[in-house]
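Peer 1: Give me a 3D structure for the following:
(one chain, ligands or ions: 1)
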Amino acid sequence: LLVNMTKNLKVVVSSNDYPESGLEVLREHFTVVQSPYSHFGEEGATTNKEELLKLVPGSSALVWVTHHPITKELLDTAGPQLKMVATVSAGYNHCNVPELKARGIKLANTPNVLSSAVAEVAVGLILGAARRFTENLEQVRRGVWEISFDKGLGQDIRDSTVGIVGLGGIGQATVKRLSGFEVGKFLYTGHREKPEAKALNAEFTTLDNLLQQSDFIVLAVPLTDETRHMINSTTLGKMKKNAILINVGRGDLVDQDALYEALKNKNIYAAGLDVTTPEPLPKDHKLLTLPNLFVLPHIGSATVRTRNDMAVLAANNVINGLTGKPLITPVLP
Ligand SMILES: O=C(O)C(=O)CO
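Peer 2: Residues are numbered from 1 along each chain as shown. Below you'll find the model as predicted:
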């Protein structure tokens with residue numbers, strides 16, 4: 001009966017690369033309208049703002065696979081029947097939360113299910129940046145191996161201090177994964193001490209202390225007004241010369257011009273980024289000229305299982321949201 005009552009509700013999926021597992025759940029209950037384009041397609045085949053504005057009118061829920069901003073204009077275009085937005089991501093910095101709240105529109109995200117996948121990428125970035133994968137791969141490609149017994153050497157994780165900025169799900173999963181690497185000390189910072197930290201042997205400290213003491217600094221915080229450009233020329237200046245900065249959060253946590261200068265002048269040792277501003281990073285971007293930068297195209301959650309889990313979680317949030325049940329992972333209940 002419930003199924004029949006919801007079947008005429010329109011649910012928009014913002015991209016064509018939303019997993020079938022999520023579509024199946026949605027199609028059982030709703031009329032699904034999906035963008036024919038992917039988020040980062042070939043030029044011209046990318047879901048763009050106009051395409052999304054055409055899709056959303058009359059919808060009851062938006063399943064947001066892209067990072068296009070959820071704006072007033074988009075919500076106005078969708079219409080007053082819109083009840084909820086399910087972003088298929090942990091981060092929701094692209095959603096205008098105050099505006100959604102003011103309109104009484106629910107918002108769900110997909111935390112937790114992606115923590116291990118993102119943490120694996122954090123570990124990969126640590127290894128890639130510490131062991132100079134960018135310049136080493138470049139040597140292999142050129143057929144000239146410049147690495148020698150005492151040249152081109154990397155940094156050890158063993159006995160290092162690892163500082164986690166944001167000991168949430170991803171930060172905790174990163175510490176767990178690194179615990180076999182004989183790390184000397186884990187530090188973390190954030191708004192408050194976390195009860196989980198004790199079992200992880202992670203010590204709470206200030207951002208300044210963490211920056212000054214850490215050999216590896218992992219950014220695993222959401223992007224907010226408070227965290228935007230938290231890594232800038234001042235905070236980079238507090239880091240050790242051998243510091244390695246890792247970012248699996250959002251590109252805008254880092255002032256990239258300041259990072260470029262710090263890496264170029266070897267004020268810090270290296271950086272590993274899964275997120276940049278903009279995305280994609282233009283192929284002639286100055287950051288890409290740096291041998292001590294290891295960069296990936298935002299693949300944190302990009303595994304088969306994790307993307308399926310995210311899709312199904314978002315779909316189940318929509319079912320709950322449109323049938324008067326509590327959201328499973330609410331941002332705005
Ligand atoms: O979930 C997120 O916020 C991500 O960036 C992973 O795709």
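Peer 1: Which secondary structure element is home to the spatially most central residue of the chain?
Peer 2: Central residue of the chain (Cα atoms, centre = their mean): Gly249, 4.4 Å from the mean position. Under the criterion DSSP states H and E, no helix or strand holds Gly249.
Peer 1: Spell out which parts of the protein neighbour the ligand.
Peer 2: Ser89, Ala90, Gly91, Leu114, Gly300, Ser301 (Cβ under 6 Å from any ligand atom). Where you see a C-beta, it was placed from the backbone N, CA and C, and this is true even at glycine.
Peer 1: Quickly note the distance from the fifth one to Glu203.
Peer 2: Think Gly300. 26 Å (Cβ to Cβ, to the nearest Å).
Peer 1: before we move on, the earlier item: let's see which of the residues of the chain next to the ligand end up in strands.
Peer 2: In strands, judged by DSSP state E, none of the residues of the chain next to the ligand are found.
Peer 1: returning to what we had before: once you drop chain neighbours, what's closest to the residue nearest to the centre of the chain?
Peer 2: For Gly249, ignoring the flanking residues on the chain, the nearest one in space by Cβ to Cβ, 6 or more residues apart in numbering is Leu219 at 4.9 Å.
Peer 1: was I right about the one you found contacting Ile231?
Peer 2: Yes: checked against Cβ atoms under 8 Å, the pair Leu219 and Ile231 is within contact range at 7.0 Å.
Peer 1: what touches both of those two?
Peer 2: Leu245, Asn247, Leu253, Val254 (Cβ atoms under 8 Å, 6 or more residues apart in numbering).
Peer 1: Which one (most neighbours) among those?
Peer 2: Among these, the one with the most neighbours (other Cβ atoms under 10 Å) is Leu245, at 29 neighbours.
Peer 1: Next, that residue: secondary structure please.
Peer 2: At Leu245 the chain is in strand, as set by DSSP: H, G, I helix; E, B strand; the rest coil.
Peer 1: Now do the contacts for it.
Peer 2: Leu245 sits next to Ile217, Leu219, Ile231, Leu236, Met239, Val254, Leu259, Ile268, Ala270, Ala271, Gly272 when contact means Cβ under 8 Å, 6+ apart.
Peer 1: next one: Gly79
Peer 2: Val56, Pro57, Gly58, Ser59.
Peer 1: can you do 10 Å?
Peer 2: Gly79 makes contacts with Val56, Pro57, Gly58, Ser59, Ser60, as judged by Cβ atoms under 10 Å, 6 or more residues apart in numbering.
Peer 1: same deal with Thr31?
Peer 2: Thr6, Lys7, Asn8, Leu9, Lys10, Val11, Val12, Gly58, Ser59, Ser60.
Peer 1: Let me have these in CSV, extended by secondary structure, distance to Lys49 and pLDDT.
Peer 2: Output for the contacts of Thr31, formatted as CSV (DSSP: H, G, I helix; E, B strand; the rest coil; distance: Cβ to Cβ, whole Å; pLDDT from 0 to 100):
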residue, secondary structure, distance to Lys49, pLDDT
Thr6, helix, 28, 92
Lys7, coil, 29, 95
Asn8, coil, 27, 95
Leu9, coil, 24, 98
Lys10, strand, 19, 98
Val11, strand, 20, 98
Val12, strand, 14, 98
Gly58, coil, 18, 98
Ser59, strand, 16, 98
Ser60, strand, 21, 98
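Peer 1: Good, we can wrap up now.
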